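J.: Here's a sequence, model it:
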Amino acid sequence: MNGVEIDSLSFCYRDSKQEILHEIGTSVEAGEFVCILGQSGCGKSTLLRLLAGLEKPTGGSIRIDGEELRGASLSRGMVFQDYGLFPWMSAGENIVLALRQRFPEMTKAEKKALALSMLEKVGLQREIYSKLPKSLSGGMKQRCAIAQAFAIDPPILLMDEPFGALDAVTRARLQDLVLELWESGERSRKKTVFFVTHDVDEAILLADHIIVLGQRPSRIIYELRIPEEKRAKRETQFVDPEIISMRNELIRQINQDVEQHIGE
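T.: I've put the predicted structure just below:
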């Protein structure tokens, strides 16, 4: 079980009186793929950091399976936009380091074998294990970060605009990879994923639950749950009338919020 309850969640930094998030509330079922959508600067990444336990709310709460979140935990893996790999460690060593923290009972050989297996699973050759991040392309580094996150097998996965800086082809391949890894388990065993993006098309392709944040102080201005049979497919995303209608409504909601704030 990886259900998440967000109740009247608010946040502002200690050195600032400007509220970033204002009384956000939603419920996320175990195994959902949630995309947090909104304009740049609206607080999407801040919400993800709160879910990771890297920041503390100034109001409200986050509960996971009924227990209030009180700090960071290896039960929540995070993939950062800048990859989050230590540059002085090889790709494989970065993964092994995370495994050492998550599975201290594993032998050194078992950790290396799992790291190699995950690198292959994300489409990288075994020799990448010994290469430093500086010698890898952006797409390769992002694959390593995804391999690291899935290797520690957290029930909740947090992804902060992980494909924002990648070219269109690499981005599409990694979107498909994440979906494949997420869908590989039965519903009861699927990871609960929170994926931050500002791209409406990306959100529609990946998510079965979309949360749209408005301008600061951010609140949820629109929320959409997509039944399994209605989920978008890459080959029909831009021709299916229902998906097109869904996309138009998401864009309308975002634009309407922007216009309201411009007029204030």
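J.: Run through the stretch 101-250 of the chain and note the low-pLDDT ranges.
T.: 165, 185-188 (pLDDT under 70).
J.: What sits closest to Ser90 if chain neighbours are left out?
T.: Excluding its sequence neighbours, the residue lying closest to Ser90 (CB to CB, 6 or more residues apart in numbering) is Ser130, at 5.1 Å. (Each C-beta comes from the backbone N, C-alpha and C, glycine too.)
J.: Surely that neighbour touches Met89?
T.: No. Applying CB atoms under 8 Å as the test, Ser130 and Met89 come out as separate, 10.6 Å apart.
J.: in this protein, which spans are helices?
T.: Per DSSP state H, the chain carries helices over the ranges 44-52, 91-102, 108-121, 138-151, 168-183, 200-206, 241-262.
J.: most packed of those?
T.: helix 138-151 (a mean of 24; mean count of other CB atoms under 10 Å).
J.: helices or strands up against that one?
T.: Contacts defined by 3 or more CB pairs under 8 Å, 6 or more residues apart in numbering; DSSP states H and E place helix 138-151 against strand 76-79, helix 91-102, helix 108-121, strand 156-160, helix 168-183.
J.: can you redo the ones you listed as a markdown table with distance to Arg49?
T.: Converted to a markdown table, the helices and strands packed on helix 138-151 look like this (distance: least, CB to CB, whole Å):
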| stretch | distance to Arg49 |
| --- | --- |
| strand 76-79 | 9 |
| helix 91-102 | 18 |
| helix 108-121 | 25 |
| strand 156-160 | 8 |
| helix 168-183 | 20 |
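J.: Can you tell me which of those is nearest to Ile262?
T.: Of all the helices and strands packed on helix 138-151, it is strand 156-160 that lies closest to Ile262, at 27.0 Å by CB to CB.
J.: what packs against the closest one?
T.: Using 3+ CB pairs under 8 Å, 6+ apart: strand 156-160 touches helix 44-52, strand 76-79, helix 138-151, strand 192-197.
J.: circling back: Ser137: which of the helices and strands packed on helix 138-151 is closest?
T.: That would be helix 168-183 among the helices and strands packed on helix 138-151, by CB to CB, at 8.1 Å.
J.: Between helix 138-151 and that closest one, find me the angle.
T.: Angle, helix 168-183 to helix 138-151, by axes from the mean of the first three to the mean of the last three CA atoms, to 10 degrees: 10 degrees.
J.: Helix 168-183 packs against which elements?
T.: So helix 168-183, by 3+ CB pairs under 8 Å, 6+ apart, packs with helix 138-151, strand 192-197, helix 200-206.
J.: quick one: the closest residue in space to Glu29 that isn't next to it in sequence from Arg63, how far?
T.: Leaving out its chain neighbours, the residue that sits closest to Glu29 by CB to CB, 6+ apart is Gly3, at 5.7 Å. Per CB to CB, to the nearest Å, Gly3 is found 9 Å from Arg63.
J.: still on that earlier bit, residue contacts, the residue nearest to Glu29?
T.: Ser27, Val28, Glu29, Ala30, Ile64, Asp65, Thr192 (CB atoms under 8 Å, 6 or more residues apart in numbering).
J.: avg pLDDT for stretch 76-93?
T.: Here stretch 76-93 scores 85 as its mean pLDDT.
J.: Turn the helices of the chain into TSV, columns for distance to Phe80.
T.: Formatted as TSV, the helices of the chain follow (distance: least, CB to CB, whole Å):
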stretch	distance to Phe80
helix 44-52	9
helix 91-102	12
helix 108-121	17
helix 138-151	7
helix 168-183	14
helix 200-206	17
helix 241-262	24
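J.: quick one: which of those helices is nearest Leu157?
T.: Using CB to CB as the measure, helix 138-151 is the one of the helices of the chain that comes nearest Leu157, at 5.9 Å.
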